[in-house]
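[1] Could you look at this predicted model? Sequence included:
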Amino acid sequence: MIYFILSFCICICVYISINLFKKVEKLTDQLELTNIETVKLYVDLESCFSEMKAIDAKGGFENDDEVGSIFKNLKEVLDELEVKHGDINE
């Protein structure tokens, strides 16, 4: 009788362990995809900011109130991403 109870408990423990392992693997894969998407977003924002700077070589738009605030906000987003995730270009 005791062997039956022990083997039943072992089976339950094995089932729980396998189930948790599958969940951890799924979450790890999802985290990697999220990190890849974050890097892509950072690269896209950085290239957008560089293109905006190239278009506005004289700085006329950057000093404008409405358009200048877009430059400023985009630069702040890039700085926040760099602080959170380090320098992506390294």
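    Nice, thanks for sending it over.
[2] low-confidence ranges in the protein?
    For the chain, applying pLDDT under 70 flags the ranges 56-67, 85-90.
[3] hey, which helix is longest across it?
    Using DSSP state H to define each element, the chain has its longest helix at helix 2-55.
[4] Which neighbouring elements make contact with that one?
    helix 60-63, helix 65-85 (3 or more C-beta pairs under 8 Å, 6 or more residues apart in numbering; DSSP states H and E). No exception for glycine: its C-beta is placed from N, CA and C like everyone else's.
[5] Which other helices and strands does the longest one contact?
    Using 3+ C-beta pairs under 8 Å, 6+ apart as the contact criterion, the secondary-structure elements in contact with helix 65-85 are helix 2-55, helix 60-63.
[6] angle of the longest helix of the chain against helix 65-85?
    Interaxial angle, helix 2-55 versus helix 65-85 (axes from the mean of the first three to the mean of the last three C-alpha atoms, to 10 degrees): 140 degrees.
[7] before we move on, back to that, make TSV out of the helices and strands packed on helix 65-85 and add mean neighbour count.
    Listed next are the helices and strands packed on helix 65-85 as TSV, based on neighbours: other C-beta atoms under 10 Å:
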stretch	mean neighbour count
helix 2-55	11
helix 60-63	13
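[8] Mind putting those helices into a markdown table with distance to L81?
    Shown next, in a markdown table, are the helices and strands packed on helix 65-85 (distance: least, C-beta to C-beta, whole Å):
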| stretch | distance to L81 |
| --- | --- |
| helix 2-55 | 5 |
| helix 60-63 | 20 |
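[9] Nearest approach to K72 belongs to which of those?
    K72 lies closest to helix 60-63 among the helices and strands packed on helix 65-85, at 8.4 Å (C-beta to C-beta).
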